[in-house]
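1. model this:
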Amino acid sequence: MQAWRLQGYRVLMFERDHAGFRPPESYPVDALACVATHDTATLAGWWRETDVDARVAAGLFDAADVEAARRQRGVERGELVDLLRLRGLADYRASAPFGVDLAAAIHRLAASSASRLFVVQLEDLLQVADQVNLPGTLDEHPNWRRRLPTALDDLPGDTGVATIIAAIKAERPRR
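-> Numbers count the residues shown, from 1 in each chain. You can find the predicted model right below:
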């Protein structure tokens, strides 16, 4: 891929190793970076674990899976807030309630990547907890049928959207 300069894909939630989240500046230049995608939990859903609830409702998780997923998510939230704190972007605890300032800090962290491209999904700008698509389901989850809580024409006046966009713009574009 590098020889042909084909773009890779770096999703913050998957960029982890034994030490925790990989620093975004380690992402390759030839990549599209983002916090989440249409096939993952939204950022709000990931933080609040509503994706775990959706998997339970769809019959994809049993009791043991739920317990393990919630335990792992607590570890991951801790690692993410540690990285935010290390970067001086925010001082949160893994148990902090999810809100626009936390969302902005996480997006700013991801936007600091070395990757040429960066995208953000509308659901994350609007802090929607429900994910667009739950892979592995057909009728068990309303895939691709959810409406955004805000009309597209109203996005420019949404203060939460403006806060997250400002955080991204603080990192991008780089000169």
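
2. Surely residue 33 forms part of a strand?
-> Yes: according to DSSP: H, G, I helix; E, B strand; the rest coil, the state of residue 33 is that of a strand.

3. residues in contact with the top helix by length along the chain?
-> Counting residues, the longest helix found in the chain (DSSP state H) is helix 63-86. Helix 63-86 is contacted from outside by 13, 16, 20-21, 23, 46-47, 49, 52, 55-56, 61, 90-96, 105-106, 109, using Cβ atoms under 8 Å, 6 or more residues apart in numbering. Placement of C-beta: from N, CA and C, glycine included.

4. Which ones among these lie within helices?
-> Judged by DSSP H, helices contain the following of the contacts of helix 63-86: 46, 47, 52, 55, 56, 105, 106, 109.

5. Can I have the buried ones of these as a ChimeraX selection?
-> Command for ChimeraX that selects the buried part of the ones in helices among the contacts of helix 63-86, burial taken from 16 or more other Cβ atoms under 10 Å:
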select :46,47,52,55,105,106,109
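
6. With respect to residue 140, which of the ones in helices among the contacts of helix 63-86 is nearest?
-> Sorting those by distance to residue 140 puts residue 55 at the head of the list, at 9.5 Å, by Cβ to Cβ.
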